[in-house]
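Trainee: Pasting the sequence and the predicted coordinates here, then a few questions.
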Number of protein chains: 4
Amino acid sequence: MGYRIGIAGASGYAGGELIRLVDSHPDLELHYLAANTSAGKHQREVHPQLSNGDRVLSPVDVDAMSDLDVVFLAMPHGASAVPAMGLLDRGVRVVDLGSDFRLDSAARYSETYGGEHPRPDQLGRWPYGLPELFRESIRGADRVAVPGCYPTAAALALAPLARAGAIAGTFVVSAVSGATGAGRSADESLSFGAVAEGVRPYKVGVHRHRPEIEQAIAAHSGMAGVAVAFTPHLVPMQRGLLATCHATAPGGDAAALRSILDEAYAGEAFVSVIDDPPQTRWVVGTNRALLGFHLDRTGTAIVMCAIDNLVKGAAGQAVQCANLMLGLDETSGLPTEGWLP
Amino acid sequence: MGYRIGIAGASGYAGGELIRLVDSHPDLELHYLAANTSAGKHQREVHPQLSNGDRVLSPVDVDAMSDLDVVFLAMPHGASAVPAMGLLDRGVRVVDLGSDFRLDSAARYSETYGGEHPRPDQLGRWPYGLPELFRESIRGADRVAVPGCYPTAAALALAPLARAGAIAGTFVVSAVSGATGAGRSADESLSFGAVAEGVRPYKVGVHRHRPEIEQAIAAHSGMAGVAVAFTPHLVPMQRGLLATCHATAPGGDAAALRSILDEAYAGEAFVSVIDDPPQTRWVVGTNRALLGFHLDRTGTAIVMCAIDNLVKGAAGQAVQCANLMLGLDETSGLPTEGWLP
Amino acid sequence: MGYRIGIAGASGYAGGELIRLVDSHPDLELHYLAANTSAGKHQREVHPQLSNGDRVLSPVDVDAMSDLDVVFLAMPHGASAVPAMGLLDRGVRVVDLGSDFRLDSAARYSETYGGEHPRPDQLGRWPYGLPELFRESIRGADRVAVPGCYPTAAALALAPLARAGAIAGTFVVSAVSGATGAGRSADESLSFGAVAEGVRPYKVGVHRHRPEIEQAIAAHSGMAGVAVAFTPHLVPMQRGLLATCHATAPGGDAAALRSILDEAYAGEAFVSVIDDPPQTRWVVGTNRALLGFHLDRTGTAIVMCAIDNLVKGAAGQAVQCANLMLGLDETSGLPTEGWLP
Amino acid sequence: MGYRIGIAGASGYAGGELIRLVDSHPDLELHYLAANTSAGKHQREVHPQLSNGDRVLSPVDVDAMSDLDVVFLAMPHGASAVPAMGLLDRGVRVVDLGSDFRLDSAARYSETYGGEHPRPDQLGRWPYGLPELFRESIRGADRVAVPGCYPTAAALALAPLARAGAIAGTFVVSAVSGATGAGRSADESLSFGAVAEGVRPYKVGVHRHRPEIEQAIAAHSGMAGVAVAFTPHLVPMQRGLLATCHATAPGGDAAALRSILDEAYAGEAFVSVIDDPPQTRWVVGTNRALLGFHLDRTGTAIVMCAIDNLVKGAAGQAVQCANLMLGLDETSGLPTEGWLP
């Protein structure tokens, strides 16, 4: 008998990945699928690529989920807070893939998302679900805020070097993501005719993940005044995310810097530092993060991190957190073999 | 009667674009198509998308080209120097799309490409064919070295700000290119199965275009000690190149910085500064470069430049240079309407 | 001074192509751009890839268009009939890219589209705008119904063989189209995330272009009882359409059948029969149709036709018709050089 | 302890899929990886997306494989026969993914592939590894010839209807495949620049899979004179194959025809008949085949079959056969959850 699992927001891309991962997990058992506008549909209507299509999506009803062990929330921004608190009140663990509980202060929240947070008392109380950097706070927790896809990659790349005091200055993060990163919606600007054969920078300098990246690096490293210049780009692929991160490494020694990364991730099941520049193809379908490192002749440390935006950048990391929350093997049920040939 | 034109290296991607552009140019007339391994083939075998397929590709023979007015050389690295000098000796103007004559000193050449340059006396004597930055040296010249695709975009983005003294520090250039940027060849790593659905950083920090970018910015701006950290990426699209460039703007004022760019390109037919982040889709098929600008809260100036790597980044810029060399209208025969809907 | 041109439905994909083609046409001059939901926007908001972005889209107002020479209607199904008749009443020639006036009888219309046609008296009175098959009826006409993309390719492939009595039985047309063929709209099923990396048959056996294909072949050939089995597929590319057409050729002789096609299109500027199987890449960006032919050992004639769905399959063919209507050179302003390397 | 498995031809696309499937199979254990030109390389050099990268590829040496239980041969055409027979002589079961032992007579082989078969005595003696059609001959066998990707899809679509006597005439099979179907090689015509944004018919009417399709349908159905007109197309996606098959259904009744398919695959774990046209996206990554059916108004039965060319069309079907050969659960270790969202 496995833990009883619910997924709210089951009709989106991350929701579909959660279904796949939970269904193949040896210790988790899917008992409740919920969605807002798709409630009432069969699973096959929203995820024809998966089996068990006869399941019907229920409404997002916290009472109906009160007997579950863990609920994953994969809802749009702003939609998590109310069901999350309702579930916690009913003794249900919550893994929130949304952004509602990631930031650690009401000020940072308002500056980033605008408006008031409905439960400012909660900010700073949710462990940030990036196990390789914040494992102990996640273990046994009843609530976890799963990081955004870009912050996952950028923090994995930069936080250990910052913690070692090896890098300084403004960090420049130039990142690319596949189209599923924008979510599943009817939006002409995300149509095949508008995305294929093009590269599109967006929200340049003002993306909401920028403060989250700074916060994650600062929290792990203790470095003061972390500042990140961040430019995300949409590229014509389905999945995959690469953050190319640049930082000044004064008096840097390439081997020493590389060692910091090697040691930071020694023994990690999902994060590896490799000798070649990491390609997103090598991680698509997996919960892995591949790091590459180069110190160039200008003294700039270039750290690249490739992840699958829907797995290590969302659903996989969420399951990794749930494993820690439940005291299971952290790697349980998580894929490591890439899909692309 | 138009000027008599030859193209050597006609079987590659840039060669095909040159054929298209010369054929539709009101003042140029294509008289000689040459290639090395493809000599003897019909044009339709190498460029089935073009008309005039009955043409036969000749060998690269400078004597046979001695009655031409201009020859475009679109050869692999290292293959231009000998035919270029042979053509110049015969009084034929040369527009070299290769890298043989771009760098301005034997030292920089050896450091970048290894080995000795066959004609070091020529280095520094070829105008660098980026008209918006070096127009006067190109006008009327008998030889021009056309810039690489990445240097075109990066220099257009950064050189005016450097010239105005508005930016400082190491410039971070993170750029992406479509697959035609790697040239046309039988290479498993460039197969559809290896490129689609992935992003691939390559030659991180050591790409041969890095010194060329530094040289171009320094030459235009007079800035001393220009230093560039450069990371190119291959993305799954056919054409298009975006350089996302970052530089510290101490005490920067966004409007003032933007004005520098606006003024630098006021009156230019092919370069525009726009308000939205530029997408490569908007320039594919054209000789245009679109610039976008943002000064973020860290004081980092982010300048993006989108071009078609085969047009403004190669064949189109070559024709633009030839127009200047021949005293024609600089815009003659050059496309400005994008192809992608 | 050119003819005065209007485009209604200017914000869609075909509308954008019409703008490009009219702007580069030596004898046409664009005076009126109209759209329904996009009225009031600047051209650059809907077609950032084109120049002349300052133009503003007007409403679809027939009075405002009454001084034009030709109006192209690129409207959704059912939206053409009223403005078309209003324009004709005002003495303005109409080229309709929609499906309202393609079918030749009210019965066929109702069976195909459902409902009553608002002007059944017009059905059968509009020349069918496929010049290579119906040139004489288009020349000098004041109204033309431009064929659908699939019917263009399928009729070009099959009609000459049917006319020669060389093929029999049910014709099997299996066709693929790029995503722009579905139009420009906010539709999750057309998102990059839903289209990339997949092939999708749709409207199998019931697509509205099936009766149009039958009608076109019958009208050109005089063959009785033309029957077509038609299966369209969406494939992950932006533009391009290939119809692979199969017909029984009883006692067929490959050379003789090929000759029928060769002779049918001898002298045509835009249609060629080639020896290799035609690829859509070779025609994208052009008004060309490339045909390939094979008679296999089962006696099945396989005729392939590749076109650009937005040019020969829509906007280019519309301009070709307008040229004939106005007595201009039929090829004027129409591109023949493919875009893809 | 699992069965001891070898894979020869491990560096190609099908080889990589075999590694993935064997590594995750509960009853199989990978003991030998072999390749020809890639012998001596580490697995990570040829399949960086997979773990266990430290493995080294050995030469294809039958003596070194003599203690294995099963060897999968994923070699180029013509390269299987000698190692296959060597392995069988040493008591090793062979699953051949190549085409050497698929055809059932020396005459058909010579006509299709040219030349003499090295072991004509073997032709007709290898079970054809399509379990849903030929299960009993595969069960317990020591050698199996795994079908080609196109024959798998086409035979699944047509064989049950042929067996029921419900279809007649020449069957028209128009099929599309992703680029991995062409194998992994350095070939300019398979480069991203040559494949993206295009559809390419190839080997029209003469593809080597045509006789194999005919043979498979005839063998399953007993129908005499099976004739197939076959046109394969390359489309710009990595994986996935769709066969759209057409056959005359004289006096056909749609429900009755559909019932034949439903009954043929009732109880099958991997083959389903669905109500919507099947998309390749829904099966990529799985060993499933999805069938769709429509009887159109011309009396043409249109049967579509979507598979992943590398799984049900190659490596997955090979493992399915091995399961039957070894007396394991036929579905053991085979994926059913699709990858694409």
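Mentor: Now that the structure is in, tell me what you want to look at. Since this is a predicted model, take the numbers as computed values, not measurements.
Trainee: Number of residues surrounding the residue in the stretch 1-150 of chain A that chain C sits nearest to?
Mentor: Relative to chain C, the nearest point of the stretch 1-150 of chain A is A:Tyr13 (6.8 Å; C-beta to the nearest C-beta). Backbone N, C-alpha and C define where each C-beta goes, glycine included. When neighbours are counted by other C-beta atoms under 10 Å in any protein chain shown, A:Tyr13 registers 23.
Trainee: just the one 10 residues further on next, same as before
Mentor: Applying other C-beta under 10 Å, we find 16 other residues in the vicinity of A:Asp23.
Trainee: Local confidence estimate at the residue nearest to it when sequence neighbours are not counted?
Mentor: Excluding the flanking residues, the one nearest A:Asp23 by C-beta to C-beta, 6 or more residues apart in numbering or on different chains is A:Leu30, at 6.0 Å. On the pLDDT scale, A:Leu30 is placed at 98.
Trainee: now do A:Ala322
Mentor: So, for A:Ala322, pLDDT stands at 98.
Trainee: Please, which helix or strand holds it?
Mentor: Element membership of A:Ala322, judged by DSSP states H and E, is helix A:316-326.
Trainee: Off-centre distance for that helix?
Mentor: 12 Å (C-alpha atoms, centre = their mean, to the nearest Å).
Trainee: Tell me the buried residues in it?
Mentor: A:Gly316, A:Gln317, A:Ala318, A:Val319, A:Gln320, A:Cys321, A:Ala322, A:Asn323, A:Leu324, A:Met325, A:Leu326 (16 or more other C-beta atoms under 10 Å in any protein chain shown).
Trainee: Is it positioned near chain D?
Mentor: No. Against chain D, helix A:316-326 shows no contacts by C-beta under 8 Å from any C-beta of the partner chain, the least distance being 13.5 Å.
Trainee: now for that helix, which elements pack on it?
Mentor: Helices and strands touching helix A:316-326, by 3 or more C-beta pairs under 8 Å, 6 or more residues apart in numbering or on different chains; DSSP states H and E, are helix A:13-23, strand A:70-73, strand A:93-96, helix A:131-138, strand A:143-145.
Trainee: Where does the stretch 1-150 of chain A get nearest to chain B, which residue?
Mentor: Taking C-beta to the nearest C-beta, the stretch 1-150 of chain A has A:Glu111 as its residue nearest chain B, at 10.2 Å.
Trainee: Report how far apart the opening and closing residues of stretch A:7-18 are.
Mentor: Across stretch A:7-18, the terminal residues are separated by 7 Å (C-alpha to C-alpha, to the nearest Å).
Trainee: is any part of that stretch close to chain B?
Mentor: No. Applying C-beta under 8 Å from any C-beta, one finds stretch A:7-18 separated from chain B by no less than 15.1 Å.
Trainee: For that stretch, give the mean pLDDT please.
Mentor: Computed over stretch A:7-18, the mean pLDDT rounds to 97.
Trainee: what's it in contact with?
Mentor: A:19, A:22, A:30, A:32-38, A:41, A:43, A:46-47, A:49-50, A:57, A:60, A:65, A:71-76, A:79, A:83, A:97, A:180, A:183-184, A:310-311, A:314-316, A:318-319, C:193, D:341 (C-beta atoms under 8 Å, 6 or more residues apart in numbering or on different chains).
Trainee: Would you mind checking these for buried ones?
Mentor: Counted by 16+ other C-beta under 10 Å, the contacts of stretch A:7-18 give A:19, A:22, A:30, A:32-35, A:38, A:41, A:43, A:46-47, A:49-50, A:57, A:60, A:65, A:71-75, A:79, A:83, A:97, A:180, A:183-184, A:310-311, A:314-316, A:318-319, C:193, D:341 as buried.
Trainee: Tell me the spacing between the closest residue to chain C within the stretch 201-341 of chain A and chain D.
Mentor: Residue of the stretch 201-341 of chain A nearest chain C, by C-beta to the nearest C-beta: A:Gln238 (5.3 Å). Using C-beta to the nearest C-beta, to the nearest Å, one obtains 7 Å as the distance from A:Gln238 to chain D.
Trainee: Confirm that that residue lies within a helix, as I assumed.
Mentor: No. Per DSSP: H, G, I helix; E, B strand; the rest coil, A:Gln238 lies outside any helix segment and is coil.
Trainee: was I right about it contacting D:Pro341?
Mentor: Yes. In this structure A:Gln238 lies within contact range of D:Pro341 using C-beta atoms under 8 Å: 7.2 Å.
Trainee: Overlap in contacts, those two.
Mentor: Joint contacts of A:Gln238 and D:Pro341 (C-beta under 8 Å, 6+ apart) are A:Thr180, C:Gly193.
Trainee: what element comes up after the helix or strand harbouring A:Ala264 heading to the C-terminus?
Mentor: Using DSSP H and E, A:Ala264 maps to helix A:254-265. Going down the chain from helix A:254-265, the next helix or strand is strand A:271-273, by DSSP H and E.
Trainee: in its sheet, what does that next one sit against?
Mentor: When pairing is defined by DSSP bridges, strand A:271-273 lines up against strand A:289-295 (parallel).
Trainee: May I have the partner strand as CSV, with CA atoms only?
Mentor: Provided in CSV are the C-alpha atoms of strand A:289-295 (Å, rounded to 0.1, in the frame of the first residue of the first chain):
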residue,chain,number,x,y,z
ALA,A,289,20.8,18.4,-13.9
LEU,A,290,24.0,18.5,-15.9
LEU,A,291,26.5,21.2,-15.1
GLY,A,292,29.4,22.4,-17.3
PHE,A,293,32.1,24.8,-16.3
HIS,A,294,34.6,27.0,-18.1
LEU,A,295,36.8,29.8,-16.8
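Trainee: So which elements touch whichever helix or strand comes after it?
Mentor: Using DSSP H and E, the next helix or strand after strand A:289-295 towards the C-terminus is strand A:300-307. Here strand A:300-307 touches helix A:149-163, strand A:241-248, strand A:289-295, strand B:228-234, going by 3+ C-beta pairs under 8 Å, 6+ apart.
Trainee: Make a markdown table from these and add distance to C:Arg288 and mean pLDDT to it.
Mentor: Below are the helices and strands packed on strand A:300-307 laid out as a markdown table (distance: least, C-beta to C-beta, whole Å; pLDDT from 0 to 100):
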| stretch | distance to C:Arg288 | mean pLDDT |
| --- | --- | --- |
| helix A:149-163 | 43 | 98 |
| strand A:241-248 | 39 | 98 |
| strand A:289-295 | 45 | 98 |
| strand B:228-234 | 31 | 98 |
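Trainee: low-scoring pLDDT stretches of chain A, where are they?
Mentor: Scanning chain A for pLDDT under 70 picks out no residues.
Trainee: In it, where's the longest strand?
Mentor: strand A:168-177 (DSSP state E).
Trainee: Buried residues of the helix or strand following that one, list them for me.
Mentor: Next along the chain after strand A:168-177, taking DSSP H and E as the criterion, comes helix A:192-195. Within helix A:192-195, the residues that count as buried by 16+ other C-beta under 10 Å are A:Phe192, A:Gly193, A:Ala194, A:Val195.
Trainee: Which one of the residues you listed is nearest to chain B?
Mentor: Looking across those and measuring by C-beta to the nearest C-beta, the closest to chain B is A:Gly193, at 6.0 Å.
Trainee: ok, that closest one to chain D distance?
Mentor: Taking C-beta to the nearest C-beta, one finds A:Gly193 at 12 Å from chain D.
Trainee: A:Leu324 now?
Mentor: From A:Leu324 to chain D the distance is 22 Å (C-beta to the nearest C-beta).
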